[in-house]
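Peer 1: Build me a model:
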Amino acid sequence: PIRVGYIGCGTQGLRQLMAALKKPELRIVAVCDPNRASDDYPEWERGELNGKVRAFLGDPGWARDARGGLCGREVAQAMVRRHHAREGAPEGGRECRAYADFRELLEREKDLDAVYVMTPDHLHGVISVRAMRAGRHVITHKPIANVLHELRVARDVARESGVATQMFCAAGLPSTVQLSAWIDAGVIGPVREVHNWSSRPFWPQGMTRFPTETPPVPEGLDWDLWLGPVPPRPYHPAYTHAVFRGWYDFGTGALGDMGHYSLHQVFRILGLGSPVSVEATRSEFWSIQDFSWHREVNRVSYPQASLIRWEFPARGDRGPVALHWYDGGLRPPLPEELEVDGEAMPEEGLLFVGDRGKILAGFTGANPRLIPRARMQGFQGPSAQPPAPVEELDQFIRACRGGEAADASFERAYPFAETILLGTIALRVPGKLRWDSERFEFANSPEANRLKVRPACREGWEV
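Peer 2: Predicted structure coming up:
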(Lines give C-alpha, C1' and ligand atoms only; values in the text may rest on other atoms or scores of the structure.)
Protein backbone atom coordinates (compact mmCIF):
# COMPACT_ATOMS: atom_id res chain seq x y z
CA PRO A 1 0.00 0.00 0.00
CA ILE A 2 0.88 3.68 -0.32
CA ARG A 3 2.27 4.84 3.03
CA VAL A 4 0.66 8.14 3.99
CA GLY A 5 1.42 10.83 6.54
CA TYR A 6 -1.86 12.55 7.44
CA ILE A 7 -1.34 16.21 8.39
CA GLY A 8 -4.24 18.12 9.94
CA CYS A 9 -6.66 16.43 12.34
CA GLY A 10 -9.45 18.97 12.77
CA THR A 11 -13.08 18.53 11.75
CA GLN A 12 -12.62 18.25 8.00
CA GLY A 13 -9.43 16.30 8.60
CA LEU A 14 -11.26 13.58 10.53
CA ARG A 15 -14.11 13.50 8.01
CA GLN A 16 -11.71 12.74 5.19
CA LEU A 17 -9.52 10.50 7.32
CA MET A 18 -12.42 8.06 7.56
CA ALA A 19 -12.72 7.98 3.77
CA ALA A 20 -8.97 7.44 3.39
CA LEU A 21 -8.96 4.59 5.91
CA LYS A 22 -11.55 2.77 3.82
CA LYS A 23 -9.12 2.60 0.89
CA PRO A 24 -7.04 -0.60 1.08
CA GLU A 25 -4.49 0.99 -1.26
CA LEU A 26 -3.61 3.55 1.44
CA ARG A 27 -1.95 2.95 4.79
CA ILE A 28 -1.98 5.84 7.29
CA VAL A 29 1.33 5.38 9.13
CA ALA A 30 1.54 8.77 10.86
CA VAL A 31 -0.73 11.67 11.81
CA CYS A 32 0.22 15.24 12.63
CA ASP A 33 -1.46 18.25 14.24
CA PRO A 34 -0.25 21.03 16.59
CA ASN A 35 -3.20 20.20 18.83
CA ARG A 36 -2.96 17.07 20.95
CA ALA A 37 -6.69 16.57 21.61
CA SER A 38 -9.69 18.72 22.54
CA ASP A 39 -13.46 18.77 22.21
CA ASP A 40 -13.91 22.46 21.29
CA TYR A 41 -14.24 22.14 17.49
CA PRO A 42 -17.46 23.44 15.86
CA GLU A 43 -19.48 20.74 14.06
CA TRP A 44 -21.89 21.26 11.17
CA GLU A 45 -24.62 20.48 13.66
CA ARG A 46 -24.64 19.18 17.21
CA GLY A 47 -23.01 15.74 17.31
CA GLU A 48 -22.47 15.58 13.52
CA LEU A 49 -18.76 14.76 13.47
CA ASN A 50 -18.65 12.75 16.67
CA GLY A 51 -21.61 10.72 15.43
CA LYS A 52 -19.85 9.92 12.17
CA VAL A 53 -16.72 8.73 14.00
CA ARG A 54 -18.90 6.76 16.41
CA ALA A 55 -20.54 4.94 13.51
CA PHE A 56 -17.23 4.47 11.68
CA LEU A 57 -15.59 2.82 14.68
CA GLY A 58 -18.71 0.97 15.80
CA ASP A 59 -18.31 2.49 19.26
CA PRO A 60 -21.54 3.97 20.71
CA GLY A 61 -19.57 5.54 23.57
CA TRP A 62 -17.11 7.53 21.41
CA ALA A 63 -17.04 11.22 22.44
CA ARG A 64 -20.41 10.76 24.13
CA ASP A 65 -19.79 13.60 26.63
CA ALA A 66 -17.84 15.91 24.31
CA ARG A 67 -18.83 19.59 24.19
CA GLY A 68 -18.16 19.84 20.44
CA GLY A 69 -16.16 17.95 17.87
CA LEU A 70 -13.42 15.81 19.41
CA CYS A 71 -10.29 16.33 17.29
CA GLY A 72 -6.50 16.45 17.42
CA ARG A 73 -3.56 14.21 16.61
CA GLU A 74 -4.14 11.73 19.45
CA VAL A 75 -7.79 11.42 18.40
CA ALA A 76 -6.77 10.68 14.81
CA GLN A 77 -4.10 8.25 16.00
CA ALA A 78 -6.69 6.34 18.04
CA MET A 79 -9.05 6.23 15.07
CA VAL A 80 -6.35 4.79 12.79
CA ARG A 81 -5.24 2.16 15.30
CA ARG A 82 -8.76 1.07 16.16
CA HIS A 83 -9.76 0.85 12.51
CA HIS A 84 -6.75 -1.28 11.67
CA ALA A 85 -7.49 -3.54 14.64
CA ARG A 86 -11.11 -3.99 13.53
CA GLU A 87 -9.90 -4.84 10.03
CA GLY A 88 -7.73 -7.59 11.44
CA ALA A 89 -4.36 -5.99 10.76
CA PRO A 90 -1.45 -7.68 12.59
CA GLU A 91 -0.04 -5.91 15.63
CA GLY A 92 2.78 -4.32 13.63
CA GLY A 93 0.37 -3.14 10.95
CA ARG A 94 -1.66 -1.16 13.45
CA GLU A 95 1.14 1.25 14.32
CA CYS A 96 0.48 4.92 13.65
CA ARG A 97 2.82 7.53 15.07
CA ALA A 98 1.65 11.02 16.07
CA TYR A 99 3.59 14.27 15.54
CA ALA A 100 2.99 17.90 16.44
CA ASP A 101 5.35 19.29 13.76
CA PHE A 102 5.02 18.22 10.11
CA ARG A 103 8.73 18.90 9.60
CA GLU A 104 9.57 16.22 12.14
CA LEU A 105 7.17 13.83 10.42
CA LEU A 106 8.87 14.38 7.06
CA GLU A 107 12.29 13.92 8.64
CA ARG A 108 11.59 10.80 10.70
CA GLU A 109 9.18 8.85 8.47
CA LYS A 110 11.81 7.59 6.05
CA ASP A 111 9.52 5.18 4.20
CA LEU A 112 6.73 7.68 3.63
CA ASP A 113 5.26 7.73 0.10
CA ALA A 114 2.74 10.56 0.36
CA VAL A 115 1.23 13.23 2.59
CA TYR A 116 -2.42 14.20 2.90
CA VAL A 117 -2.72 17.88 3.92
CA MET A 118 -5.85 18.85 5.88
CA THR A 119 -4.60 21.84 7.89
CA PRO A 120 -5.99 25.41 7.85
CA ASP A 121 -5.35 27.19 4.55
CA HIS A 122 -2.26 29.17 5.55
CA LEU A 123 -0.18 25.99 5.98
CA HIS A 124 -1.11 24.19 2.75
CA GLY A 125 1.54 25.80 0.57
CA VAL A 126 4.56 25.36 2.80
CA ILE A 127 3.69 21.77 3.77
CA SER A 128 3.00 20.73 0.17
CA VAL A 129 6.18 22.31 -1.20
CA ARG A 130 8.43 20.80 1.46
CA ALA A 131 6.84 17.38 1.05
CA MET A 132 7.30 17.47 -2.75
CA ARG A 133 10.92 18.56 -2.38
CA ALA A 134 11.39 15.55 -0.12
CA GLY A 135 10.05 13.33 -2.92
CA ARG A 136 6.61 12.66 -1.42
CA HIS A 137 3.36 12.65 -3.35
CA VAL A 138 0.87 15.26 -2.11
CA ILE A 139 -2.90 15.47 -1.88
CA THR A 140 -4.21 18.60 -0.20
CA HIS A 141 -7.63 19.89 0.58
CA LYS A 142 -8.42 23.15 -1.20
CA PRO A 143 -6.72 25.57 -1.54
CA ILE A 144 -3.23 24.62 -2.72
CA ALA A 145 -2.12 27.80 -0.92
CA ASN A 146 -3.76 30.99 0.35
CA VAL A 147 -1.01 33.21 -1.11
CA LEU A 148 -0.52 33.60 -4.87
CA HIS A 149 3.29 33.28 -4.80
CA GLU A 150 3.06 30.03 -2.81
CA LEU A 151 0.55 28.66 -5.31
CA ARG A 152 2.91 29.40 -8.21
CA VAL A 153 5.85 27.77 -6.37
CA ALA A 154 3.76 24.68 -5.55
CA ARG A 155 2.80 24.28 -9.21
CA ASP A 156 6.41 24.65 -10.35
CA VAL A 157 7.82 22.27 -7.73
CA ALA A 158 5.18 19.69 -8.67
CA ARG A 159 6.28 19.94 -12.29
CA GLU A 160 9.99 19.74 -11.44
CA SER A 161 9.76 16.92 -8.90
CA GLY A 162 7.48 14.67 -10.93
CA VAL A 163 5.54 13.51 -7.86
CA ALA A 164 1.80 12.89 -7.97
CA THR A 165 -0.32 15.79 -6.73
CA GLN A 166 -3.98 16.55 -6.27
CA MET A 167 -6.12 19.27 -4.76
CA PHE A 168 -9.35 17.96 -3.27
CA CYS A 169 -12.07 20.06 -4.95
CA ALA A 170 -14.98 17.84 -6.08
CA ALA A 171 -13.05 16.78 -9.19
CA GLY A 172 -15.14 13.68 -9.77
CA LEU A 173 -18.72 14.78 -10.41
CA PRO A 174 -20.73 13.09 -13.20
CA SER A 175 -22.71 16.31 -13.76
CA THR A 176 -19.53 17.90 -15.15
CA VAL A 177 -19.57 15.41 -18.01
CA GLN A 178 -23.24 16.09 -18.70
CA LEU A 179 -22.78 19.87 -18.74
CA SER A 180 -19.74 19.57 -20.99
CA ALA A 181 -21.71 17.49 -23.47
CA TRP A 182 -24.57 19.99 -23.57
CA ILE A 183 -22.34 23.02 -24.00
CA ASP A 184 -19.99 21.36 -26.49
CA ALA A 185 -23.03 20.39 -28.56
CA GLY A 186 -24.11 24.03 -28.69
CA VAL A 187 -27.39 23.49 -26.82
CA ILE A 188 -27.32 27.11 -25.57
CA GLY A 189 -24.89 28.45 -28.14
CA PRO A 190 -21.54 30.07 -27.26
CA VAL A 191 -21.32 30.76 -23.50
CA ARG A 192 -20.72 34.44 -22.75
CA GLU A 193 -21.36 34.63 -19.01
CA VAL A 194 -21.22 32.34 -15.99
CA HIS A 195 -22.79 33.22 -12.63
CA ASN A 196 -21.96 31.27 -9.46
CA TRP A 197 -23.36 32.09 -6.03
CA SER A 198 -22.88 30.66 -2.55
CA SER A 199 -24.72 31.12 0.74
CA ARG A 200 -21.39 31.16 2.59
CA PRO A 201 -19.82 32.42 4.80
CA PHE A 202 -21.27 30.44 7.69
CA TRP A 203 -18.33 31.51 9.90
CA PRO A 204 -17.48 35.04 11.16
CA GLN A 205 -16.26 37.51 8.52
CA GLY A 206 -16.13 41.27 8.20
CA MET A 207 -14.07 41.83 11.37
CA THR A 208 -12.31 45.20 11.24
CA ARG A 209 -9.66 44.50 13.86
CA PHE A 210 -7.85 41.63 15.53
CA PRO A 211 -9.06 40.36 18.92
CA THR A 212 -7.59 42.25 21.87
CA GLU A 213 -8.27 39.66 24.58
CA THR A 214 -5.39 37.34 25.46
CA PRO A 215 -6.84 34.10 26.82
CA PRO A 216 -4.36 31.38 27.77
CA VAL A 217 -3.27 28.91 25.12
CA PRO A 218 -5.27 25.69 25.65
CA GLU A 219 -3.36 22.79 27.09
CA GLY A 220 -2.04 20.55 24.35
CA LEU A 221 -1.99 23.19 21.59
CA ASP A 222 1.37 24.33 20.21
CA TRP A 223 0.32 27.83 19.17
CA ASP A 224 3.63 28.68 17.51
CA LEU A 225 3.36 25.63 15.24
CA TRP A 226 -0.26 26.45 14.42
CA LEU A 227 0.78 29.94 13.26
CA GLY A 228 3.45 28.51 10.96
CA PRO A 229 4.46 31.20 8.42
CA VAL A 230 2.25 33.89 9.98
CA PRO A 231 4.13 36.29 12.31
CA PRO A 232 3.58 35.75 16.05
CA ARG A 233 0.48 37.12 17.75
CA PRO A 234 -1.35 36.23 20.97
CA TYR A 235 -3.53 33.14 20.87
CA HIS A 236 -7.26 33.63 20.45
CA PRO A 237 -9.96 31.06 19.60
CA ALA A 238 -11.34 33.46 16.96
CA TYR A 239 -8.46 32.31 14.71
CA THR A 240 -8.75 28.54 15.03
CA HIS A 241 -10.97 25.49 14.62
CA ALA A 242 -13.04 26.06 11.48
CA VAL A 243 -13.27 29.86 11.88
CA PHE A 244 -9.82 30.64 10.45
CA ARG A 245 -11.35 31.07 6.98
CA GLY A 246 -12.51 34.64 7.58
CA TRP A 247 -9.04 36.12 8.22
CA TYR A 248 -6.73 37.27 5.42
CA ASP A 249 -3.73 35.72 7.18
CA PHE A 250 -5.22 32.27 7.68
CA GLY A 251 -7.99 31.65 5.14
CA THR A 252 -9.38 32.44 1.71
CA GLY A 253 -12.88 33.56 2.69
CA ALA A 254 -16.12 32.29 1.18
CA LEU A 255 -14.63 32.37 -2.33
CA GLY A 256 -11.70 30.12 -1.42
CA ASP A 257 -13.77 27.83 0.76
CA MET A 258 -16.44 27.13 -1.85
CA GLY A 259 -15.18 28.44 -5.20
CA HIS A 260 -12.69 25.61 -5.68
CA TYR A 261 -15.58 23.13 -5.77
CA SER A 262 -17.58 24.99 -8.41
CA LEU A 263 -14.91 26.69 -10.49
CA HIS A 264 -13.15 23.40 -11.16
CA GLN A 265 -16.30 22.39 -13.01
CA VAL A 266 -16.60 25.73 -14.87
CA PHE A 267 -12.97 25.71 -16.03
CA ARG A 268 -13.14 22.08 -17.13
CA ILE A 269 -16.39 22.60 -19.04
CA LEU A 270 -15.34 25.82 -20.79
CA GLY A 271 -11.59 25.23 -21.10
CA LEU A 272 -10.72 28.49 -19.34
CA GLY A 273 -7.17 29.57 -18.57
CA SER A 274 -5.96 32.62 -16.67
CA PRO A 275 -8.18 35.72 -16.53
CA VAL A 276 -7.01 39.07 -17.86
CA SER A 277 -8.85 41.16 -15.29
CA VAL A 278 -10.60 40.96 -11.93
CA GLU A 279 -12.80 43.45 -10.11
CA ALA A 280 -14.59 43.15 -6.77
CA THR A 281 -17.13 44.94 -4.63
CA ARG A 282 -17.70 44.15 -1.00
CA SER A 283 -19.94 44.88 1.96
CA GLU A 284 -18.84 47.68 4.29
CA PHE A 285 -19.37 48.51 7.93
CA TRP A 286 -19.92 51.81 9.69
CA SER A 287 -19.86 52.61 13.40
CA ILE A 288 -20.97 55.55 15.55
CA GLN A 289 -18.16 57.24 17.46
CA ASP A 290 -18.59 60.50 19.39
CA PHE A 291 -22.08 60.85 17.95
CA SER A 292 -20.98 60.71 14.31
CA TRP A 293 -20.70 58.06 11.61
CA HIS A 294 -17.31 56.50 10.79
CA ARG A 295 -16.48 54.09 8.00
CA GLU A 296 -14.61 51.11 9.45
CA VAL A 297 -11.55 50.31 7.33
CA ASN A 298 -11.09 46.55 7.14
CA ARG A 299 -7.51 45.39 6.61
CA VAL A 300 -7.73 42.06 8.39
CA SER A 301 -10.68 39.96 7.19
CA TYR A 302 -12.82 39.02 4.22
CA PRO A 303 -16.18 40.82 3.90
CA GLN A 304 -19.53 39.49 4.99
CA ALA A 305 -20.68 39.64 1.36
CA SER A 306 -18.94 40.20 -1.96
CA LEU A 307 -19.33 40.22 -5.73
CA ILE A 308 -16.35 39.45 -7.98
CA ARG A 309 -16.07 39.56 -11.76
CA TRP A 310 -13.30 38.11 -13.93
CA GLU A 311 -12.80 38.51 -17.68
CA PHE A 312 -11.33 35.67 -19.76
CA PRO A 313 -10.03 36.04 -23.33
CA ALA A 314 -11.18 34.03 -26.32
CA ARG A 315 -9.87 30.44 -26.56
CA GLY A 316 -9.55 29.08 -30.08
CA ASP A 317 -13.02 29.19 -31.62
CA ARG A 318 -14.59 30.06 -28.28
CA GLY A 319 -15.25 33.71 -27.49
CA PRO A 320 -14.45 35.67 -24.32
CA VAL A 321 -16.26 34.85 -21.08
CA ALA A 322 -17.20 36.91 -18.02
CA LEU A 323 -17.37 34.98 -14.74
CA HIS A 324 -19.36 36.41 -11.82
CA TRP A 325 -19.13 35.26 -8.17
CA TYR A 326 -21.56 36.17 -5.36
CA ASP A 327 -21.54 35.27 -1.65
CA GLY A 328 -22.97 36.35 1.68
CA GLY A 329 -26.56 36.16 0.47
CA LEU A 330 -25.99 38.07 -2.78
CA ARG A 331 -27.38 36.50 -5.95
CA PRO A 332 -27.68 37.38 -9.63
CA PRO A 333 -30.84 39.16 -10.81
CA LEU A 334 -33.76 36.81 -11.37
CA PRO A 335 -33.58 35.57 -14.99
CA GLU A 336 -36.64 36.22 -17.12
CA GLU A 337 -36.90 32.48 -17.72
CA LEU A 338 -37.42 31.76 -13.99
CA GLU A 339 -39.90 34.60 -13.74
CA VAL A 340 -41.92 32.99 -16.54
CA ASP A 341 -41.93 29.73 -14.56
CA GLY A 342 -42.88 31.50 -11.33
CA GLU A 343 -39.70 30.31 -9.60
CA ALA A 344 -37.48 32.14 -7.14
CA MET A 345 -33.72 32.33 -7.50
CA PRO A 346 -32.12 29.34 -5.72
CA GLU A 347 -30.13 30.03 -2.54
CA GLU A 348 -27.03 28.67 -4.29
CA GLY A 349 -26.47 27.91 -7.94
CA LEU A 350 -24.55 27.93 -11.21
CA LEU A 351 -25.90 29.66 -14.33
CA PHE A 352 -24.44 29.41 -17.84
CA VAL A 353 -25.62 32.16 -20.19
CA GLY A 354 -25.26 31.44 -23.90
CA ASP A 355 -26.32 33.21 -27.07
CA ARG A 356 -29.26 30.83 -27.46
CA GLY A 357 -30.32 30.03 -23.92
CA LYS A 358 -29.43 29.40 -20.30
CA ILE A 359 -28.54 26.37 -18.18
CA LEU A 360 -29.28 26.49 -14.44
CA ALA A 361 -27.71 23.97 -12.07
CA GLY A 362 -26.86 23.41 -8.44
CA PHE A 363 -23.83 25.17 -6.99
CA THR A 364 -21.29 22.69 -8.41
CA GLY A 365 -23.31 21.84 -11.51
CA ALA A 366 -25.58 19.08 -10.19
CA ASN A 367 -29.01 18.54 -11.76
CA PRO A 368 -28.55 20.90 -14.72
CA ARG A 369 -31.63 22.01 -16.65
CA LEU A 370 -32.53 24.36 -19.43
CA ILE A 371 -34.72 27.30 -18.46
CA PRO A 372 -37.55 28.09 -18.79
CA ARG A 373 -39.15 24.75 -17.96
CA ALA A 374 -40.69 24.51 -21.44
CA ARG A 375 -37.22 24.06 -22.98
CA MET A 376 -36.71 20.81 -21.08
CA GLN A 377 -39.90 19.23 -22.43
CA GLY A 378 -38.81 16.54 -24.83
CA PHE A 379 -35.14 17.54 -24.56
CA GLN A 380 -32.86 14.51 -24.80
CA GLY A 381 -29.42 16.06 -25.01
CA PRO A 382 -26.45 14.63 -26.92
CA SER A 383 -26.52 10.84 -27.13
CA ALA A 384 -22.76 10.42 -26.81
CA GLN A 385 -21.11 11.55 -23.57
CA PRO A 386 -17.60 10.95 -22.17
CA PRO A 387 -17.30 8.48 -19.31
CA ALA A 388 -17.86 9.78 -15.79
CA PRO A 389 -14.68 10.78 -13.95
CA VAL A 390 -13.02 8.56 -11.37
CA GLU A 391 -13.58 9.38 -7.69
CA GLU A 392 -11.02 11.90 -6.41
CA LEU A 393 -9.10 9.72 -3.99
CA ASP A 394 -8.90 6.95 -6.58
CA GLN A 395 -7.46 9.49 -9.04
CA PHE A 396 -4.71 10.26 -6.56
CA ILE A 397 -4.00 6.58 -5.92
CA ARG A 398 -3.77 6.00 -9.68
CA ALA A 399 -1.31 8.89 -10.06
CA CYS A 400 0.84 7.69 -7.14
CA ARG A 401 1.17 4.34 -8.91
CA GLY A 402 2.43 5.97 -12.08
CA GLY A 403 -0.88 6.30 -13.91
CA GLU A 404 -2.60 9.32 -15.36
CA ALA A 405 -2.38 12.56 -13.39
CA ALA A 406 -5.37 13.55 -11.27
CA ASP A 407 -7.91 15.88 -12.85
CA ALA A 408 -7.04 18.47 -10.20
CA SER A 409 -3.28 17.91 -10.05
CA PHE A 410 -1.44 21.08 -9.07
CA GLU A 411 -0.60 21.83 -12.70
CA ARG A 412 -4.11 21.18 -14.01
CA ALA A 413 -5.77 23.04 -11.13
CA TYR A 414 -3.51 26.07 -11.36
CA PRO A 415 -5.68 28.25 -13.64
CA PHE A 416 -8.77 28.18 -11.43
CA ALA A 417 -6.75 28.18 -8.21
CA GLU A 418 -4.95 31.28 -9.51
CA THR A 419 -8.28 32.86 -10.46
CA ILE A 420 -9.61 32.39 -6.93
CA LEU A 421 -6.56 33.97 -5.29
CA LEU A 422 -6.75 36.87 -7.72
CA GLY A 423 -10.27 37.33 -6.43
CA THR A 424 -9.11 37.38 -2.81
CA ILE A 425 -6.63 40.12 -3.74
CA ALA A 426 -9.28 42.12 -5.61
CA LEU A 427 -11.38 42.14 -2.42
CA ARG A 428 -8.60 44.16 -0.78
CA VAL A 429 -7.75 46.54 -3.63
CA PRO A 430 -10.28 48.90 -5.25
CA GLY A 431 -10.75 49.16 -8.99
CA LYS A 432 -10.41 46.87 -11.97
CA LEU A 433 -7.11 44.97 -11.84
CA ARG A 434 -5.35 43.93 -15.05
CA TRP A 435 -3.58 40.58 -14.69
CA ASP A 436 -0.68 39.26 -16.77
CA SER A 437 -0.26 35.60 -15.86
CA GLU A 438 2.89 35.08 -17.94
CA ARG A 439 4.68 37.94 -16.22
CA PHE A 440 2.97 37.08 -12.93
CA GLU A 441 2.01 40.66 -12.18
CA PHE A 442 -0.79 43.17 -12.11
CA ALA A 443 -0.18 45.74 -14.83
CA ASN A 444 -1.92 48.60 -13.04
CA SER A 445 -1.62 48.15 -9.27
CA PRO A 446 1.56 48.11 -7.14
CA GLU A 447 -0.69 47.57 -4.12
CA ALA A 448 -2.15 44.39 -5.60
CA ASN A 449 1.33 43.16 -6.56
CA ARG A 450 2.44 43.50 -2.93
CA LEU A 451 -0.34 41.10 -1.95
CA LYS A 452 0.98 38.33 -4.21
CA VAL A 453 3.34 37.27 -1.44
CA ARG A 454 2.74 36.59 2.23
CA PRO A 455 3.32 39.80 4.19
CA ALA A 456 6.16 39.35 6.66
CA CYS A 457 6.49 35.60 6.28
CA ARG A 458 8.33 34.21 9.29
CA GLU A 459 11.94 33.24 8.75
CA GLY A 460 12.30 29.52 8.21
CA TRP A 461 8.76 29.10 6.86
CA GLU A 462 9.33 30.30 3.31
CA VAL A 463 8.46 28.03 0.37
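
Peer 1: The protein: helices as residue ranges?
Peer 2: Here the chain has its helices, by DSSP state H, at 11-21, 48-57, 73-86, 102-108, 124-133, 148-161, 174-184, 223-227, 253-270, 336-341, 392-400, 410-426, 446-450.

Peer 1: between the fifth one and helix 410-426, how many degrees?
Peer 2: Between helix 124-133 and helix 410-426, the angle formed by their directions is 160 degrees, by axes from the mean of the first three to the mean of the last three Cα atoms, to 10 degrees.

Peer 1: Can you name every helix or strand that helix 124-133 contacts?
Peer 2: For helix 124-133, the packing partners by 3 or more Cβ pairs under 8 Å, 6 or more residues apart in numbering; DSSP states H and E come out as helix 102-108, strand 114-117, strand 137-141, helix 148-161. Any C-beta I mention is one placed from the backbone N, CA and C, and that applies to glycine too.

Peer 1: so which of the ones you listed gets nearest residue 224?
Peer 2: Residue 224 sits nearest to helix 102-108 of all these, at 12.6 Å, using Cβ to Cβ.

Peer 1: buried residues in the closest one?
Peer 2: Within helix 102-108, the residues that qualify as buried are 102-103, 105-106, counting by 16 or more other Cβ atoms under 10 Å.

Peer 1: need those residues in JSON lines with distance to residue 230 and pLDDT, can you?
Peer 2: As requested, the buried residues of helix 102-108 are exported to JSON lines (distance: Cβ to Cβ, whole Å; pLDDT from 0 to 100):
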{"residue": "102", "distance to residue 230": "15", "pLDDT": "98"}
{"residue": "103", "distance to residue 230": "16", "pLDDT": "98"}
{"residue": "105", "distance to residue 230": "20", "pLDDT": "98"}
{"residue": "106", "distance to residue 230": "20", "pLDDT": "98"}
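
Peer 1: Which pair of these spans the longest distance?
Peer 2: The largest separation in those, counting by Cβ to Cβ, is between 103 and 105 at 7.2 Å.

Peer 1: Can you tell me, leaving aside adjacent residues, what's nearest to the most centrally placed residue in the chain?
Peer 2: Using Cα atoms, centre = their mean, the residue of the chain that lies closest to the mean C-alpha position is residue 142, 2.8 Å off. Nearest residue to residue 142, sequence neighbours excluded (Cβ to Cβ, 6 or more residues apart in numbering): residue 260, at 3.7 Å.

Peer 1: What of residue 356?
Peer 2: Per Cβ to Cβ, 6+ apart, closest to residue 356 is residue 189, 3.5 Å.

Peer 1: contacting residues around the residue nearest to the centre of the chain?
Peer 2: 167-169, 256-257, 260-261, 417 (Cβ atoms under 8 Å, 6 or more residues apart in numbering).

Peer 1: Spit out the contact partners of the residue nearest to residue 356.
Peer 2: Taking Cβ under 8 Å, 6+ apart, one finds 354-357 in contact with residue 189.

Peer 1: Distance of it relative to residue 354?
Peer 2: From residue 189 across to residue 354, the span is 4 Å (Cβ to Cβ, to the nearest Å).

Peer 1: related to what we said a few turns ago, ok, so of the contacts of residue 142, who is nearest residue 9?
Peer 2: Using Cβ to Cβ, residue 168 comes nearest to residue 9 of the contacts of residue 142, at 15.7 Å.

Peer 1: bridging residues for the closest one?
Peer 2: Listed beta-bridge partners, residue 168: residue 141 (assigned using DSSP bridges).

Peer 1: What's the end-to-end length of stretch 36-48?
Peer 2: Start-to-end span of stretch 36-48 (Cα to Cα, to the nearest Å) is 21 Å.
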